[in-house]
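> Here's my sequence, what's the structure:
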Amino acid sequence: MSQDNSSMLAAEAIIPEHKAPESQGRLIFRRFLRNRVAVGSLIVIFGIVVYAITAIGLGPIPGWWKFNYTDLNDQVNGGNPTLSVLPKWLGGKGISAGEHPWGQDRIGKDYFAMTMRGVQNSVLVMVVIGLLATMIGVFVGAVAGYYRGKTDAILMRITDVFIVIPALVIGSVVGHAVGGFGAPTLAVMLGFFTWMGIARLVRGEFLSLREREFVEAARVAGASDARIIFRHILPNALGVVIVSATLIMASAILLETALSYLGFGIRSPDVSLGNLISSNQSAFQTRPWLFWWPALFIVSLALLVNFVGDGLRDAFDPRHRRFSLRRMREERPSLAEDEQVRAGDTEGLSGPGQK
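Sure, this is the predicted structure:
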């Protein structure tokens, strides 16, 4: 009996331990974490949002900054930024923030507080438009792609009617009507007119997935159409949905900026990044700092969201990644061994026997 036990222990030591396969969600998360640019962009976006909220507060909750974006103050340093980062030993004024580090506008409002308020509104518009457009687009695309026939034709013709009208034209009409009601109302109304692109993408995915075996198995099992759409097909199209949502968010912040610049977006006394540039366009040559900070956040937010979207696309579909021999060697160690074997065979062919 002891020999049998020892032989069993020896066999267990020889046979490698079987590892349970990782779930699809965990694999996607690991692929996303490998993309340092996307992870870093997501962290920076989160940092910008937290910084803007904590600086001037949100609603009745006060922030740590002493000025509000609506307060009128006496002009300090002629309205120029009091921020100094050049040390005295280099001929500067030393490292100090001063009273108004980012300067003041023409009537004395603190520009740091105004910019932080603009970031809050622009991010709010970006998120609301992205979520609302994604929900509408997913619903329309899923129903059209699953049922096909007359339902598909009607929904896609409605989509075509909206998609041929430029977004800026629709946004101008909507912004002129509801821009004075604040950022949330403007974002909701714009969300009803920016869902067309994702609807067409989801429809294409559903047309392909509805013919798969697992969908036929669900039909045979007696699952309802709603369950098949939202519990079986939609999770398999989630990659396209998430990536498209990030791209909608990136374009939403640019749309809001353009509308506010044209005077059809968020209006005074509220503030947005595009509104700041529009209201100070006449002072570009005399007070250029009134453009530096809003433009910096507009470009940064748009680029960062695009980087996150690229990282999610690569995580959900690794085939989109650029080819990298170093990454291939890390993921497939046998590749380096194969190259060594080929190199050895080549040396053998060109050896003494051929001289």
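> what distance separates the start and the end of stretch 224-236?
From its first residue to its last, stretch 224-236 covers 18 Å (C-alpha to C-alpha, to the nearest Å).
> In the chain, where is pLDDT below threshold?
1-22, 84-97, 179-180, 284, 318-355 (pLDDT under 70).
> Could you pick out the longest helix of it?
Of all segments of type helix in the chain, defined using DSSP state H, the longest is helix 111-147.
> can you give me how far that helix is from the chain middle?
11 Å (C-alpha atoms, centre = their mean, to the nearest Å).
> Determine the set of other helices and strands touching that helix.
helix 36-56, helix 149-163, helix 183-191, helix 196-209, helix 238-262, helix 273-279, helix 289-316 (3 or more C-beta pairs under 8 Å, 6 or more residues apart in numbering; DSSP states H and E). To be clear about C-beta, it is placed using only N, CA and C from the backbone, and glycine gets the same treatment.
> Can you list the buried residues in the third one?
Spelled out, that is helix 183-191. Within helix 183-191, the residues that count as buried by 16 or more other C-beta atoms under 10 Å are 183, 185, 186, 187, 188, 189, 190, 191.
> helix/strand/coil for residue 234?
Using DSSP: H, G, I helix; E, B strand; the rest coil, the structure places residue 234 in helix.
> Quick check: closest non-adjacent residue to it.
residue 142 (6.4 Å; C-beta to C-beta, 6 or more residues apart in numbering).
> What degree of burial does the nearest residue to residue 80 once chain neighbours are set aside show, as a neighbour count?
With sequence-adjacent residues excluded and distances taken as C-beta to C-beta, 6+ apart, residue 80 is closest to residue 103, at 5.6 Å. By the measure other C-beta atoms under 10 Å, the count of residues near residue 103 is 22.
> how far away is the nearest residue to residue 168 once chain neighbours are set aside from residue 298?
In space, and not counting its chain neighbours, residue 168 is closest to residue 258: 6.1 Å by C-beta to C-beta, 6+ apart. As judged by C-beta to C-beta, to the nearest Å, residue 258 and residue 298 stand 10 Å apart.
> and residue 104, what are its phi and psi?
phi -140, psi 160 (degrees, to the nearest 10).
> Quick one, which of the helices and strands packed on helix 111-147 gets closest to residue 126.
helix 238-262 (4.5 Å; C-beta to C-beta).
> Surely the residue nearest to residue 168 touches residue 272?
No - assessed by C-beta atoms under 8 Å, residue 258 is found out of contact with residue 272, at 11.0 Å.
> the more surrounded of these two?
Neighbours per residue (other C-beta under 10 Å) separate residue 258 from residue 272, with residue 272 holding more: 31 against 18.
> Quick check: that one vs residue 291, distance?
From residue 272 to residue 291 the distance is 14 Å (C-beta to C-beta).
> again, but for residue 219
59 Å.
> and if you look at residue 243?
Applying C-beta to C-beta, the value for residue 243 to residue 291 is 32 Å.
> quick one: contacts for the spatially closest residue to residue 67 that is not a sequence neighbour?
Among residues not flanking residue 67 along the chain, residue 110 sits closest, at 3.8 Å (C-beta to C-beta, 6+ apart). By C-beta atoms under 8 Å, 6 or more residues apart in numbering, the contact list for residue 110 reads 65, 67, 68, 69, 71, 73, 100, 102, 104.
> Cheers, nothing more for now.
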